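Engineer: 3D model of this:
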Amino acid sequence: MTSDHKDRQWIFYKDVKGVEAGAGVIRKVLAYTDSLMCVENSFEEGAVGAMHSHPHTQITYVAEGRFRFTIGDEVHEVAKGDTLCKQDGVKHGCVCLEKGVLLDFFTPMREDFVP
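Structural biologist: All right, here's what the predicted structure looks like:
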């Protein structure tokens with residue numbers, strides 16, 4: 001299964017193919033609709049999520065690992081169980097300090113993440 005599974009009720013992880021989202025980062029688009037999207041990003045230690053902004057509100061849940069995040073002018077180290085809220089238009093990025101996984105939730109969905 002590719003990321004063409006919009007509006008499906010069931011998304012089985014084993015069927016979702018990952019794509020390289022940057023050096024050391026694999027992105028898997030999971031369940032999504034026009035208004036909401038869930039995305040898993042797996043990071044190797046040292047991988048960088050470059051500073052960027054977008055017109056989507058984003059909540060990130062740290063499922064595994066440790067990261068140094070910048071949101072706007074603030075920088076914090078986060079670890080498993082922490083959550084971050086990134087309002088639309090606010091610049092943000094991260095560096096992976098210890099191999100990990102981030103779950104991102106976007107509203108509305110990221111059209112640039114699907115074919």
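
Engineer: ok now do residue 63, which residues does it touch?
Structural biologist: 40, 80, 100-103 (Cβ atoms under 8 Å, 6 or more residues apart in numbering). Using the backbone N, CA and C atoms, a C-beta is placed for each residue, glycine as well.

Engineer: Can you select the buried ones from those residues in PyMOL?
Structural biologist: Restricted to buried positions by 16 or more other Cβ atoms under 10 Å, the PyMOL selection for the contacts of residue 63 reads:
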select buried, resi 40+100+101+102+103
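
Engineer: would TSV of the contacts of residue 63 with secondary structure be doable?
Structural biologist: TSV is the format used below for those (DSSP: H, G, I helix; E, B strand; the rest coil):
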residue	secondary structure
40	strand
80	coil
100	strand
101	strand
102	strand
103	strand
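
Engineer: Greatest separation within the contacts of residue 63: which pair is it?
Structural biologist: The distance between the two most remote of the contacts of residue 63 (Cβ to Cβ) is 14.4 Å, for 40 and 80.

Engineer: Over to residue 8: give its phi and psi.
Structural biologist: Main-chain torsions, residue 8, degrees, to the nearest 10: phi -70, psi 140.

Engineer: Quick check: closest non-adjacent residue to it.
Structural biologist: Excluding the flanking residues, the one nearest residue 8 by Cβ to Cβ, 6 or more residues apart in numbering is residue 31, at 7.1 Å.

Engineer: do the same with residue 6
Structural biologist: residue 32 (5.8 Å).

Engineer: distance of that neighbour from residue 48?
Structural biologist: According to Cβ to Cβ, to the nearest Å, residue 32 stands 25 Å off from residue 48.

Engineer: Those two: which is more packed in?
Structural biologist: Higher neighbour count among residue 32 and residue 48: residue 32, with 23 against 15, using other Cβ atoms under 10 Å.
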